[in-house]
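Colleague: Structure for this input, please:
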Amino acid sequence: MANVVPVDEFATGEWYPGFKPEHFESPYIVDAASPFKPGDEQGFWFLDFHWSRGLTPLAATLWSSDGYCWGTQHAAEALPLPPGRGITARFAGTHLYGCALPETDPREIGARANRIGTNLPHFLANYRSIWEAGRDELEATWQYFRGVDFTGTPDLTELLTQGRRYHKRSMEIHFGVMYPMLANFLGFYGACADMGINPAEIGKFLQGEDTKIMETDRELYRLALKARQVGLEPVFEENEPLALREALGRHGGAASVWLTEFDDFLQVYGWRAEATCDVGVPSWIEDNTIPLGLVKTFLKRDDAHDFEAAARNALAERDEAIDNARSGLTREEQAVFDAGLASNQAANFPWWQDDHNYYIDLKVMLPLRWGCQELARRENADNKDDMLYLFWPELQDVASGRRPYAGELKSLVAERRQYFDHWFAKRGEMPKVLGTIPEAVEDPVLIEIFGLNPSAIKAVQNPDAAKQTVMSGVAAAKGTARGIARVLQSSDELHRLEPGSILVCESTSPNWTPAFGKIAGAVCDGGGMLSHAAIVGREYGVPTVTAVGVATLSISDGDEIEVDGTTGTVTILTKATTTADTAAETPAGVAG
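Modeller: Have a look, this model is predicted:
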C-alpha cells in the first residue's frame with residue numbers, strides 16, 4: 001500500500017494576502033503551477049532545495065511558471081523524454097515543491113522513444129554549436145540590458161516585459177540543452193552499470209574540466225591573498241561582513257587600492273545572486289556582503305587552497321578511474337565504453353551543469369529586478385524591493401499607470417512581507433516530501449540532480465530521523481573528514497563556515513562553490529551524482545555525501561561529525577550539547 005503524506009494543511013485555498021488565481025495564470029505545456037490544492041496528494045512532491053528562503057510573489061511567477069512549468073515541460077516534449085513530461089510546481093506557503101510529470105501511455109512512450117532515437121544523435125553531433133548559439137543569444141540580450149538606462153526610460157512596462165521574456169527564453173535554452181545531455185549521460189551510466197562498473201566511479205570519468213564558476217572562485221581567492229599581502233587582514237578580522245566595505249573605505253591607502261581591484265572583479269564576476277533564478281535576491285554588485293564575507297573567511301586559513309593541485313588531482317583521479325574501469329572489460333565492452341565516454345566527453349554534462357550558471361541561473365533575473373527597483377523609486381515605495389511582492393499582473397498595472405501603488409497594493413505588500421517572513425522561519429519544519437511516496441523514482445532529473453533514490457526517500461519517512469547518529473547517502477566525492485558541523489539554511493550564511501568546518505545543508509548550487517575552498521567536508525539532504533555538491537566536491541577534493549535525506553534534521557549546528565565520501569556514510573561523533581556541557585564542566589586550562 002502506498003504511503004501518503006497529506007497535503008491538506010497546505011491546500012487551504014489561501015496563499016499570499018490578496019492572491020487571486022488569475023494572478024498566476026501563465027502558458028504551460030502539461031500542468032500549471034499553483035498553491036497546493038485538493039487532489040495533489042496523488043502526486044509525489046519534493047521540497048526544492050534551490051529556494052530555501054522561499055519565493056516572493058514575483059519570484060514564484062518567474063521560476064515556477066517560466067522555469068519548471070514552461071522550461072522543463074517544453075524541453076521534455078521537444079526531445080522528448082520517453083517516460084517523463086517535465087516538472088510542475090506547487091507552493092506550501094512560500095516554499096516550492098516540484099513533481100515529475102510521468103508519461104504512462106505505453107503506445108506514447110514507444111512513440112517518444114522513437115523520436116528521441118532520431119533527435120538525440122542530431123543534438124550530440126551538433127552539441128557545441130547548439131549550446132554556444134544559445135549562450136551567445138543570451139549574452140547579447142544581457143549586453144542589451146547592461147546598456148539600458150532604466151532611470152531614463154519613460155515607460156517601464158515594455159522593459160519589464162522584455163526582462164521576463166529574457167528569463168523565459170533562458171529557461172527554454174537551459175532545459176533544451178540540459179535534457180538531451182542528461183539523457184546521453186544516463187545512457188552511458190546504464191551501459192556502465194550493465195558491464196559491472198561501480199556506479200560510484202562513473203561520475204569521475206568526466207571530472208577535471210574548468211568552469212566559469214571555478215574561475216570566479218580562483219579570482220576571489222586571489223583577492224584574499226592580495227588583502228593578506230598588503231596588510232589588510234586586521235581590517236577583515238575586526239569587522240563583520242556587513243561593515244567591511246565601509247571599514248575598508250575608512251582605512252584608505254592600500255585598502256582603497258584593494259577596493260578598486262575588488263570592484264573590477266565585481267564588474268566581471270559580480271553579476272550573480274545568491275540563489276538560482278530568484279529575482280528576490282540581490283547580486284554581489286548590489287550587495288557586497290557575501291563576497292567580502294567570503295574573503296574574510298578565506299583569510300582565516302593558514303594555508304591557501306591550492307586550485308592547481310586540486311585540478312591536477314581531479315584529472316589524475318579521472319584517468320585512474322577510466323583505466324580501472326576499462327581494465328575489467330572485454331574487448332567488445334571496451335568498444336562500447338570508449339564510444340559512450342567519447343560522446344559524454346564531447347557533451348560533458350557535469351562541466352555544463354556548473355559552467356552554464358554563469359550565463360543563466362545566477363544573472364538572468366537581474367534586469368527584471370532593476371526594472372522593479374526603478375518602479376519602486378518612482379512610486380515612492382518604502383523599500384526598493386517592494387515591487388517583488390506584487391504578482392505579475394499587478395506589477396504590469398502599476399508600471400502602466402492603470403493602478404496606483406499607494407493605498408491597497410502598498411498595504412498588501414506590507415502583509416505579504418509578513419507572510420514571507422513567517423514562512424521563512426518555518427523552512428526547517430517543512431516536510432521533505434508530500435503526496436504519494438513511490439517505492440522508486442524513475443525520472444532521471446529527480447534521481448541524479450535531486451538525489452531522490454530509494455534510500456533517501458526511506459530516510460525522510462523515518463519518524464525517528466532526528467535521532468539518527470549514523471546516516472547513509474550517495475558517496476559523491478571520496479575521502480574522509482572530521483570536523484564541526486555548520487548547518488546552513490542558505491548561502492547567505494557562508495561566512496559562518498570556518499576553515500575545516502563540515503558544511504551541512506539541504507543541497508548546494510553554484511553560489512555555494514566558494515565554500516568548497518575552505519571546508520573539510522560536505523553533507524547534503526539532497527543531490528545525486530550529478531548535483532552541484534557532488535561535482536564540486538570531486539573537483540575540489542572535498543569528501544562529500546549527498547542524498548542523505550535527513551542530514552539537516554539529524555545533525556545540529558556544532559556537532560562533531562565524520563564524513564566518509566568513499567562509503568557514503570555520515571556519523572555524528574559528539575553532539576553539540578554534549579560538547580558544550582563538557583566545556584562548561586572542564587576548568588580553564590585543563591584539557592578535557
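
Colleague: I'd like the next helix or strand past the longest helix along the chain.
Modeller: When every helix of the chain is counted residue by residue (DSSP state H), the longest turns out to be helix 157-194. Once helix 157-194 ends, the next helix or strand along the chain (criterion: DSSP states H and E) is helix 199-202.

Colleague: May I see the buried residues of the longest helix of the chain?
Modeller: For helix 157-194, a neighbour-count test (16 or more other CB atoms under 10 Å) marks 157, 159-160, 162-164, 166-186, 188-189, 191-192 as buried. Every C-beta, even on glycine, is put in place using the N, C-alpha and C of the backbone.

Colleague: Now do stretch 226-237: everything it contacts.
Modeller: 244, 247-248, 251, 254-255, 257-258, 261, 292, 295-296, 299 (CB atoms under 8 Å, 6 or more residues apart in numbering).

Colleague: Across the sheet, point out what pairs with the closest residue to residue 480 other than its chain neighbours.
Modeller: Nearest residue to residue 480, sequence neighbours excluded (CB to CB, 6 or more residues apart in numbering): residue 564, at 5.0 Å. Beta-bridge partners recorded for residue 564 (DSSP bridges): residue 480, residue 569.

Colleague: where do the helices sit along the stretch 51-200 of the chain?
Modeller: 57-60, 73-78, 106-125, 127-146, 157-194, 199-202 (DSSP state H, counting those that start in this stretch).

Colleague: Minimum distance to residue 457: which of these has it?
Modeller: Among these, the nearest to residue 457 by CB to CB is helix 199-202 (17.6 Å).

Colleague: any idea how far the helix or strand following that closest one is from the chain center?
Modeller: Going down the chain from helix 199-202, the next helix or strand is helix 212-229, by DSSP H and E. Helix 212-229 has its C-alpha centroid displaced from the chain centroid by 22 Å (CA atoms, centre = their mean, to the nearest Å).

Colleague: Export only the CA atoms of the helix or strand just after helix 212-229, formatted as PDB.
Modeller: Note on helix 212-229: by DSSP H and E, the next helix or strand toward the C-terminus is helix 233-238. Taking C-alpha atoms only, helix 233-238 is exported to PDB below (Å, rounded to 0.1, in the frame of the first residue of the first chain):
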ATOM      1  CA  GLU A 233      44.000  41.000   7.500                       C
ATOM      2  CA  PRO A 234      43.300  43.000  10.700                       C
ATOM      3  CA  VAL A 235      40.500  45.000   8.900                       C
ATOM      4  CA  PHE A 236      38.800  41.800   7.800                       C
ATOM      5  CA  GLU A 237      39.300  40.200  11.200                       C
ATOM      6  CA  GLU A 238      37.800  43.100  13.200                       C
END
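
Colleague: average pLDDT for helix 233-238?
Modeller: Averaging pLDDT along helix 233-238 gives 96.

Colleague: what about the helix or strand just after that helix, average pLDDT?
Modeller: Using DSSP H and E, the helix or strand that follows helix 233-238 in sequence is helix 241-251. Helix 241-251 shows a mean pLDDT of 96.

Colleague: what does stretch 196-214 give?
Modeller: According to the model, stretch 196-214 has a mean pLDDT of 92.

Colleague: repeat for stretch 325-334
Modeller: Here the average pLDDT along stretch 325-334 is 97.

Colleague: Could you do stretch 428-448 as well?
Modeller: Stretch 428-448 shows a mean pLDDT of 85.

Colleague: And the strands in the stretch 351-500 of the chain?
Modeller: For the stretch 351-500 of the chain, strands defined by DSSP state E, counting those that start in this stretch occupy the ranges 433-437, 470-472, 474-477, 480-487.

Colleague: So in that sheet, which strands flank the third one, and in what orientation?
Modeller: Put plainly, it is strand 474-477. Partners of strand 474-477 in the sheet, by DSSP bridges, are strand 544-546 (antiparallel).

Colleague: re the thing from before, return the closest of the contacts of stretch 226-237 with respect to residue 420.
Modeller: Distances from residue 420 to the contacts of stretch 226-237, taken by CB to CB, are shortest for residue 292, at 25.8 Å.

Colleague: Contacts only, for the nearest residue to the closest one once chain neighbours are set aside.
Modeller: Sequence neighbours aside, residue 244 is the residue nearest to residue 292 in space, at 4.3 Å (criterion: CB to CB, 6+ apart). Contacts for residue 244 (CB under 8 Å, 6+ apart) come out as 235-236, 288-289, 292-293, 296.

Colleague: thinking again about what came up before, just the buried ones from the contacts of stretch 226-237?
Modeller: Counted by 16+ other CB under 10 Å, the contacts of stretch 226-237 give 244, 247-248, 251, 254-255, 258, 292, 295-296, 299 as buried.

Colleague: And these, which is closest to residue 390?
Modeller: Looking across the buried ones among the contacts of stretch 226-237 and measuring by CB to CB, the closest to residue 390 is residue 292, at 31.1 Å.

Colleague: show me what contacts the closest one?
Modeller: Counted by CB under 8 Å, 6+ apart, residue 292 has contacts 236, 241, 244-245, 262.

Colleague: 10 Å instead, please
Modeller: 220, 223, 227, 236, 239-245, 247-248, 259, 262, 284, 495 (CB atoms under 10 Å, 6 or more residues apart in numbering).

Colleague: my read: residue 567 touches residue 476, true?
Modeller: No - at 11.4 Å, residue 567 does not count as touching residue 476 under the criterion of CB atoms under 10 Å.

Colleague: tell me, what's touching the two both at once?
Modeller: Jointly contacting residue 567 and residue 476 under the rule CB under 10 Å, 6+ apart are 200, 545.

Colleague: Tell me which of those two has more neighbours.
Modeller: The neighbour comparison of residue 567 against residue 476 (other CB atoms under 10 Å) goes to residue 476, with 30 against 13.

Colleague: What spatial separation is found between the more buried one and residue 254?
Modeller: From residue 476 across to residue 254, the span is 41 Å (CB to CB, to the nearest Å).

Colleague: Identify the residues contacting residue 517.
Modeller: By CB under 10 Å, 6+ apart, the contact set of residue 517 is 214, 217-218, 220-221, 224, 294, 297-298, 301, 304-307, 310, 499, 536, 540, 542.

Colleague: Quickly note the distance from it to residue 541.
Modeller: From residue 517 over to residue 541 the distance is 11 Å, taken as CB to CB.

Colleague: shared neighbours of these two, anything?
Modeller: 305-306, 310.

Colleague: Quick one: buried ones out of the residues you listed?
Modeller: For the shared contacts of residue 517 and residue 541, buried by 16+ other CB under 10 Å: 305, 310.

Colleague: could the shared contacts of residue 517 and residue 541 be laid out in JSON lines, adding secondary structure and distance to residue 27?
Modeller: Converted to JSON lines, the shared contacts of residue 517 and residue 541 look like this (DSSP: H, G, I helix; E, B strand; the rest coil; distance: CB to CB, whole Å):
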{"residue": "305", "secondary structure": "coil", "distance to residue 27": "45"}
{"residue": "306", "secondary structure": "coil", "distance to residue 27": "49"}
{"residue": "310", "secondary structure": "helix", "distance to residue 27": "44"}
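
Colleague: Would you map out the domains in this protein?
Modeller: Listed domain ranges for the chain are 3-154+367-429, 449-582 (source: automatic domain parsing).

Colleague: Which of the ones you listed has the lowest mean pLDDT?
Modeller: Minimum mean pLDDT among the domains of the chain: domain 449-582, a mean of 90.
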